[in-house]
Every structure is written in structure tokens, then in C-alpha cells.
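Visitor: Whatever this is, show me its structure:
(4 chains)
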There are 2 protein chains.
Amino acid sequence: MVFSKSFGYALRGILYIAIMNGEKQKVQIDEIAEKLSIPRHFLGKVMQELVKNNILSSTKGPYGGFSLNENSLKISLIALVKITDGLELFESCVLRLKKCNSINPCPLHKQIEHYKTELLQLFSDTSVNDLLKKDKLGFIKSIATI
Amino acid sequence: MVFSKSFGYALRGILYIAIMNGEKQKVQIDEIAEKLSIPRHFLGKVMQELVKNNILSSTKGPYGGFSLNENSLKISLIALVKITDGLELFESCVLRLKKCNSINPCPLHKQIEHYKTELLQLFSDTSVNDLLKKDKLGFIKSIATI
DNA sequence: GAATAAAAAGACATGTTTGTCCTTTATGAA
DNA sequence: TTCATAAAGGACAAACATGTCTTTTTATTC
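Guide: Next up is the predicted model:
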């Protein structure tokens, strides 16, 4: 349920680039950081990681910036979480017991397992594209409100 | 979904004392820490906090230790989370947007809200006592397996 | 080739969580 | 009263997440 700030920054960054696409292909980190109120350099690291994982492309120099790949928007939320946070959240015990499983469950195992499964399903089935809506201005507002 | 280690330590600590109750009223921090493989001093801090919040009692000196209060086991999981972690997890936006709400929702708001509500409900409705079972040995094992 | 623009990369700073150590305080027993 | 025992409390350390700054690399334009 609680993901890292990196995850939020990554998702919002991708969405911002997607919305800007059409007006301009390349979007600079300075613009994204400013519009979304994200620390510029920290966002830079996050975006670098997305480029390394082929979620985004980047070009240096004048007129450079970050841009979407053909399949950028098809990425599932779970794939994004995997890059920014890893999957421990979904795979590990709430009480952080290493040996907790359905055979030898912790006291909360049964109660929690249901949520983990459902959330995992949702995040596997939902792509970044699924989150995009028609109203550009409203959408920018919704990802920009700190 | 992911709570602090303090939460896990607190819950397992209370459960351990509950299980030991009957055999002896007071349980020492050293015993709990050893049996549950929890860092002794860190557990000490967590237990202190529980005493401050009237979840447990403690007595110093020989034959001292931690013991349950009359209502210790009636405490809800949400009350425990509140003490160890605070309620931000349940109250804040997944993307950490301050102004996210049902009127002005972030792109994940609708998808996530359902889980937050259900988990909050579960944690409000479940008491520590609800987690206790018959089989003492199996239960100790289940809270002790790191 | 020189100047400029933008991402990449690495070093450093801050904050929070988690963990350790040492001293103080309270309690019970001899 | 003295001693031993156990929690309380404070100071410190390590690890990790987050944030900032500076330099390097790459690309574009002139």
C-alpha cells in the first residue's frame, strides 16, 4: 500500500511526459520537476533508472530530454513498482517473518494474504495507459498537487 | 500494507506475554527478545512505548518484567498501528499527493481507496485477542520464526 | 572546432528507521 | 542497608531513503 517516493515520482513523471506528448516529443527534467513539484535531481535519478529499464528514452544536448518509447504506456504498475521498490512488499510477511507461509502462517497471515493478492492482481492488470484520461488540464492538476 | 518493524515487534511481544501468562505473570525483555529473535534494546524501546500507552505494565527490579493489563488483549490492531506507526498509511495518498481526495483524485485514488478502507476496517475490527489460538507451541513458533 | 544545452554520474548532505551501549532508577530479598 | 535484578532513559551508530550539488558526457547549432 505504501510505496516509495520514487514510485510516485516515476509514475507522475511518465504521465506528465505522456500528456505533453503531441505538443513536444522531448520533455526536460527541469520542466517536469517544476510542474510536479519534485526535487529536480532526485527526479533525475528516477528517470535515469526508467531509461535503463527501457521505459523511457533520453537524449542529451540541446533539444534533448526524455521521451516515451513505443511500449512505455503499456507497462503495468507492478513492473514500475518492481523497478522503483522491488516486489518485497507483495512477497513478504506483514510482520517480516522470514518463514511465514500458508503452512506455517503468522497470526496475521490469513487476514492479510487476501489484500496482497488482490492488490497484486490490480497492479498487474493496470497499465500506465489505463490511468490516462481525456481532460489534460484536470489530469495535470491531479498529478501536480502536492 | 507494510508496517514498521516496531509494529511487528510490538504485536509479537504482546502475543508472547499473553501466551506465557498463567505460567508466570511477568515476562522479562531478555526472554522475549531471545525467543522471538528481536534486538533486545530496540524491543525495550517498543515495550516502553506500549507501557506509556497503557497497553502493558512494567515493574523494575528482581522478579519484575512486563505484564498484561486487564484490557491489553482487547486492543485493536489499528490502535497498535497508531502507537507504533501513526495512521498516515491509512489516511494519505499512495502517490503522497497532499491535495488528493475524492473530489480531486490522483490517478490511482479510485483503485486504491477500496483497499485502504477494507484494510482499515479489518484492523479496526480485529483485536489482539482475536489473533490468539489454542495451540500454544505452534503459536509461539509462528511468532518466533524469523 | 567552439559554444551551448541537456542528461548522466558521482560525491555529499539530511532525515528517518533501526540497532547498540551505557547510565540511572526502581524494586525485591538477604 | 546493601546487593542484585530489571526496566527506563539517553547518547550514539549503522543503514537506508531522500535530497542537493558539482562535474562529466553527449548532442546540437553556429
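
Visitor: Go ahead and confirm A:Val128 touches A:Ile14.
Guide: Yes. Counting by C-beta atoms under 8 Å, A:Ile14 is a contact partner of A:Val128 at 5.7 Å. Every C-beta, even on glycine, is put in place using the N, C-alpha and C of the backbone.

Visitor: which of these two has more neighbours?
Guide: Set A:Val128 next to A:Ile14 and count neighbours by other C-beta atoms under 10 Å in any protein chain shown: A:Ile14 wins out with 25 against 22.

Visitor: and the more buried one, helix, strand or coil?
Guide: Using DSSP: H, G, I helix; E, B strand; the rest coil, the structure places A:Ile14 in helix.

Visitor: and if you look at A:Ser124?
Guide: helix.

Visitor: Spell out which helix or strand contains the residue nearest to it when sequence neighbours are not counted, please.
Guide: The shortest distance from A:Ser124 to any non-neighbouring residue, by C-beta to C-beta, 6 or more residues apart in numbering or on different chains, is to A:Ile78 (4.8 Å). Using DSSP states H and E, A:Ile78 sits in helix A:77-84.

Visitor: Just the buried positions in the helix or strand just after that helix, please.
Guide: Next helix or strand after helix A:77-84 toward the C-terminus (DSSP H and E): helix A:88-91. Neighbour counts over helix A:88-91 (16 or more other C-beta atoms under 10 Å in any protein chain shown) mark A:89-90 as buried.

Visitor: just stretch A:67-76 next, same as before
Guide: A:67-68, A:72-73, A:75-76.

Visitor: does that stretch come close to DNA strand C?
Guide: No. Using C-beta under 7 Å from any atom of the strand, stretch A:67-76 stays clear of DNA strand C, with a minimum separation of 9.5 Å.

Visitor: re the thing from before, tell me the helices and strands packed up against the helix holding A:Ile78.
Guide: Counting contacts by 3 or more C-beta pairs under 8 Å, 6 or more residues apart in numbering or on different chains; DSSP states H and E, helix A:77-84 is packed against helix A:5-20, helix A:40-52, helix A:109-125.

Visitor: Need the overlap of contacts for A:Val128 and A:Ile14.
Guide: Here A:Val128 and A:Ile14 share the contacting residues A:72-73, A:80, scored by C-beta atoms under 8 Å, 6 or more residues apart in numbering or on different chains.

Visitor: need the residues of chain A near chain B, please.
Guide: A:1-3, A:5, A:8, A:11-12, A:15, A:77, A:89, A:94-100, A:104-108, A:111-112, A:115-116, A:118-119, A:122, A:126, A:131-133, A:139, A:141-143, A:145-146 (C-beta under 8 Å from any C-beta of the partner chain).

Visitor: Serialize the shared contacts of A:Val128 and A:Ile14 to a markdown table and add fields for distance to DNA strand D and pLDDT.
Guide: Converted to a markdown table, the shared contacts of A:Val128 and A:Ile14 look like this (distance: C-beta to the nearest atom of the strand, whole Å; pLDDT from 0 to 100):
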| residue | distance to DNA strand D | pLDDT |
| --- | --- | --- |
| A:Ser72 | 20 | 92 |
| A:Leu73 | 24 | 94 |
| A:Leu80 | 14 | 98 |
